[in-house]
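A.B. asks: The sequence and its predicted three-dimensional model are supplied below.
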Amino acid sequence: MLDSVFALAQGFSVAFEPTKLLFALIGVFLGTAVGVLPGIGPALTVALLLPVTFKLDPTGSLIMFAGIYYGGMYGGSTTSILINTPGESASMITALEGNKMAKAGRGGPALATSAVGSFVAGLIATIGLALFAPWLVEIAIQFGPADYFALMIVAFVTVSATFGDSPLRGLTSLFIGLMLGLVGIDALSGQARLTFGVPELLDGIEVTTLAVGLFAVGEALFVASRMKHAPETIEPVRGSLWMTREDWKRSWKPWLRGTALGFPIGSLPAGGAEIPTFLSYTIEKRLTKHPEEFGKGAIEGVAGPEAANNASAAGTLMPLLTLGLPTSATAAIMLAGFQQYGLNPGPLLFAERPDLVWGLIASLFIANVMLVILNLPLIGLWVRLLAIPQPWLYAGILVFAAMGTIAANPSPVELVMLAVFGLLGFVMRRYDYPIAPMVVGLILGPMAETQLRRALQISLGDPMALIESPLAATLLAIAALALVAPVLFRGLSRFKAEED
Amino acid sequence: MTQEEDGRNDGRKRDPVGFAIAAGLLALAGAVARDAMGMGAVSSYAGIGPSAASWAVAAGLAALAAGTIVAAVRGKIPVPEQSDNAAVLTILAGIAAMIATITAGGGFIPAMALLFGLTARGFGRRALATDLGIGVVLGLLVYLGFTKLLALSLPQGPIERLF
């Protein structure tokens, strides 16, 4: 406990350096701006900006990514409230009541409660992260390869079973990701896999190329394909921006309840913000004193899910930083961000680079404060971003997608892969396949394979080693259960979610 | 997969897309398995070699292909909304033009102009010349910003070499 406080104080001394503050500011600004744009969530925002940063200082860039992540979460809610197209599925629930509020001329208070709620949630959840992360690191340090392998299997199952409403489609997405993860030279044996004689494939498939292709190009194709059939309208913000006393009174409890749901669920390998936001909405609907307003623009239905959404974002950073385990698409891309500097999140990083880890955590607090200051006064600017004509907006997104890809790897083969993944993303969206499992599969697949082979090497090839550790055995049992349970309890989770 | 052939014989309406997806998954499984077969024997140290993961993925993909066929037979494949194929093809043409320009050494700025112009057209804009112009300006700004400020290397053509 005291160690945490001390480490965090050191982190603040890093995060308060002027250049780091500047990075945090750029991050939250870019994150909010890009997050506001319809159809772009935090995962894509980080993926688009990843190649731009690899010449920069690691600590600064990672602080910027964290700012982008938090900023993207804020920005996404603006889109869901003012247009009925959430930039990311985590703010889908916000759109339910938020867009109704905006249509009723209460867009200002809706934006305010989501901004303040996100701030409160982000603050509490980041404190939680700072307190619990060292504790989890203590445990994680004792993990053997078999335990890591089991943990990754759990992540595979939960990510593909909780995203999307069909385990079959989730698993299909995951396995295509795992297949893409095989491409390249095997680190342990030097054997080339699935390279088909193309030298560019020897290094494997870039996570950013896959993510940008699936999210940016795929989304652009998808939006263009249905533009004629489903036009979007922007609700202007009318009336006061500020919440009335009544609004505050109705918002603060949902904020706290949303945080209490979001942080723990977000930090489980089940990952994603969909479940906590949905739970928060259901709970607020049940507890409200104004049930008649639900479905017509109830402020509780914005306050709770928005808080849950941001708390779970901080929660996702917990397994990412302490175990190196990404449990959402955004976290997977953040991990790619670490890896581009040769850094591997996990217990070792806490020991070797405490300045970086704690500087990052401290900067989350700073980013959070910056966001609440930036967000409301600048709402006019953010809304103006929504007025960019859609053709130019998506054309610009594709230009940035192509630029980022070619800058990271100057080869036409990389651009062809971008186009192929874009087409794949389009087809997957049309047939309702979730996208996040594929990104997670690409990045976690090779890690799981390494841990499995390490475990088997230690045991001299005895597969029993995988279940000898009680932790690994328990985790594998959970994974098996999570795979079977949705089939058994069909109808219990009639909640449809998309990638984050 | 004999079920596919059975499906052709009886008159019930079945979604061909599901079978196409299953066939695609099966093709991927086959490619991964073929690749695994080409790898050397299990390595000398204890444990498993590089082909084990390939076999696992191939088996998984094949199983998912079977699952997709079952879903298709039961009519569980989602029916997508109507798609505006002309729009999609225009954007794909823009991406293809961009890749071709860069491959041919035409440079970053013309490539981005083509991508921008054709994507905007795919989204329903009719003023292609204006959009190509905007694309040139955007490409130039991005090129200068990222090569001069962030020291990234972007593909060069005749225009880029002027700077």
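C.D. replies: Perfect, I can see it now. What you see is a predicted model, and the numbers here were worked out from it, not measured in a lab. Residues are numbered from 1 along each chain as shown, chains lettered A, B, ... in the order given.
A.B. asks: Quick check: which element contains the spatially most central residue of chain B?
C.D. replies: When CA atoms, centre = their mean is applied to chain B, the residue found nearest the centroid is residue B:92 (10.3 Å). Residue B:92 is part of helix B:85-103 when elements are defined by DSSP states H and E.
A.B. asks: ok, and does that helix reach over to chain A?
C.D. replies: Yes. Residues of helix B:85-103 are located near chain A by CB under 8 Å from any CB of the partner chain, namely B:85, B:87-88, B:90-92, B:94-96, B:98-99, B:102-103. (C-beta placed from N, C-alpha, C; glycine too.)
A.B. asks: and residue A:356, what pLDDT?
C.D. replies: In this prediction, residue A:356 carries a pLDDT score of 90.
A.B. asks: Report whether residue A:31 is found in a helix, as I expect.
C.D. replies: Yes. Assessed with DSSP: H, G, I helix; E, B strand; the rest coil, residue A:31 lies in a helix.
A.B. asks: Name the nearest residue to it, ignoring sequence neighbours.
C.D. replies: Leaving aside its sequence neighbours, residue A:31 sits nearest to residue A:71 (CB to CB, 6 or more residues apart in numbering or on different chains; 2.3 Å).
A.B. asks: And stretch B:118-127, end to end?
C.D. replies: 10 Å (CA to CA, to the nearest Å).
A.B. asks: Next, find the distance separating residue A:177 from chain B.
C.D. replies: 10 Å (CB to the nearest CB, to the nearest Å).
A.B. asks: quick one, what contacts the residue nearest to the centre of chain B?
C.D. replies: Neighbour list for residue B:92: A:221, A:419, A:423 [criterion: CB atoms under 8 Å, 6 or more residues apart in numbering or on different chains].
A.B. asks: Let's see the pLDDT reported for it.
C.D. replies: At residue B:92, pLDDT is 97.
A.B. asks: What segments of the stretch 201-350 of chain A are strands?
C.D. replies: Taking DSSP state E, counting those that start in this stretch as the test, none of the stretch 201-350 of chain A falls into strands.
A.B. asks: got the residues of it near chain B?
C.D. replies: Close to chain B, as judged by CB under 8 Å from any CB, the stretch 201-350 of chain A has residues A:217, A:220-221, A:223-230.
A.B. asks: starting at the chain centroid, how far to the helix holding residue B:92?
C.D. replies: 12 Å (CA atoms, centre = their mean, to the nearest Å).
A.B. asks: domain ranges for chain B?
C.D. replies: Domain assignment for chain B by automatic domain parsing gives B:2-73, B:85-162.
A.B. asks: most packed of the ones you listed?
C.D. replies: domain B:85-162 (a mean of 19; mean count of other CB atoms under 10 Å in any protein chain shown).
A.B. asks: mind checking the end-to-end distance for that one?
C.D. replies: Using CA to CA, the end-to-end distance of domain B:85-162 comes to 39 Å.
A.B. asks: ok, now stretch A:449-467?
C.D. replies: Note: stretch A:449-467 ends 16 Å apart using CA to CA.
A.B. asks: got a list of contacts for that stretch?
C.D. replies: A:144-146, A:148-150, A:152, A:181, A:187-188, A:468, A:472-473, A:476, B:45-48, B:53.
A.B. asks: Would you show me how to pick out the buried ones of those residues in ChimeraX?
C.D. replies: Selection of buried members from these for ChimeraX, criterion 16 or more other CB atoms under 10 Å in any protein chain shown:
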select /A:144,145,146,148,149,150,152,181,188,472,476 /B:47,48,53
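A.B. asks: Any regions of chain B where pLDDT drops low?
C.D. replies: Residues of chain B meeting the criterion pLDDT under 70: B:1-15, B:40-47.
A.B. asks: Go again with 50.
C.D. replies: Within chain B, the ranges that satisfy pLDDT under 50 run B:1-12, B:44.
A.B. asks: Spell out the residue ranges of the helices in it.
C.D. replies: Taking DSSP state H to define them, one finds helices in chain B at B:2-9, B:16-37, B:51-73, B:85-103, B:108-122, B:128-144.
A.B. asks: Around the closest residue to chain B within the stretch 1-150 of chain A, how many other residues sit close by?
C.D. replies: Ranked by CB to the nearest CB, the top residue of the stretch 1-150 of chain A for proximity to chain B is residue A:55, at 5.5 Å. Per other CB atoms under 10 Å in any protein chain shown, the neighbour tally for residue A:55 reads 11.
A.B. asks: next one: the one 3 residues further on
C.D. replies: The tally of other residues near residue A:58 (other CB under 10 Å) stands at 17.
A.B. asks: same check, this time on residue A:103
C.D. replies: 16.
A.B. asks: who touches it in this structure?
C.D. replies: Taking CB under 8 Å, 6+ apart as the test, what residue A:103 contacts is A:235, A:297.
A.B. asks: Please report the distance of it from residue A:200.
C.D. replies: 50 Å (CB to CB, to the nearest Å).
A.B. asks: And residue B:133, by the same measure?
C.D. replies: 33 Å.
A.B. asks: returning to what we had before: can you put the contacts of residue B:92 in JSON lines and add neighbour count and pLDDT?
C.D. replies: JSON lines is the format used below for the contacts of residue B:92 (neighbours: other CB atoms under 10 Å in any protein chain shown; pLDDT from 0 to 100):
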{"residue": "A:221", "neighbour count": "27", "pLDDT": "94"}
{"residue": "A:419", "neighbour count": "18", "pLDDT": "97"}
{"residue": "A:423", "neighbour count": "18", "pLDDT": "96"}
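A.B. asks: With distance to residue A:349 as extra columns, can I get those in TSV?
C.D. replies: Listed next are those as TSV, based on distance: CB to CB, whole Å:
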residue	distance to residue A:349
A:221	38
A:419	35
A:423	37
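A.B. asks: Of those residues, which belong to helices?
C.D. replies: Per DSSP H, those map to helices at A:221, A:419, A:423.
A.B. asks: Just name the closest of the residues you listed to residue A:192, please.
C.D. replies: residue A:419 (23.7 Å; CB to CB).
A.B. asks: Assess the claim that that closest one and residue A:214 are in contact.
C.D. replies: No. Applying CB atoms under 8 Å as the test, residue A:419 and residue A:214 come out as separate, 11.7 Å apart.
A.B. asks: contacting residues around residue B:55?
C.D. replies: B:33, B:36 are the contacts of residue B:55 under CB under 8 Å, 6+ apart.
A.B. asks: rerun that using 10 Å as the cut-off
C.D. replies: B:32-33, B:36-37, B:39, B:48 (CB atoms under 10 Å, 6 or more residues apart in numbering or on different chains).
A.B. asks: what would the residues you listed look like in TSV with distance to residue B:151?
C.D. replies: Output for the contacts of residue B:55, formatted as TSV (distance: CB to CB, whole Å):
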residue	distance to residue B:151
B:32	39
B:33	44
B:36	42
B:37	45
B:39	40
B:48	43
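A.B. asks: Check the spacing between the residue nearest the centre of chain A and residue A:78 real quick.
C.D. replies: Central residue of chain A (CA atoms, centre = their mean): residue A:330, 3.1 Å from the mean position. Counting by CB to CB, the gap between residue A:330 and residue A:78 amounts to 18 Å.
A.B. asks: what about the nearest residue to residue A:262 once chain neighbours are set aside, how many neighbours?
C.D. replies: Leaving aside its sequence neighbours, residue A:262 sits nearest to residue A:311 (CB to CB, 6+ apart; 3.0 Å). By the measure other CB under 10 Å, the count of residues near residue A:311 is 37.
A.B. asks: Helix B:51-73 and the helix or strand harbouring residue A:449, what's the angle between them?
C.D. replies: Per DSSP H and E: residue A:449 is located in helix A:436-458. Here the directions of helix A:436-458 and helix B:51-73 differ by 140 degrees (axes from the mean of the first three to the mean of the last three CA atoms, to 10 degrees).
A.B. asks: what's residue 65 in contact with, if anything?
C.D. replies: Going with chain A. A:23, A:27, A:31, A:42, A:45-46, A:49-50, A:53, A:330, A:333-334, A:336-338, A:360.
A.B. asks: could you do chain B instead?
C.D. replies: Contacts for residue B:65 (CB under 10 Å, 6+ apart) come out as A:172, B:1, B:19, B:21-30.
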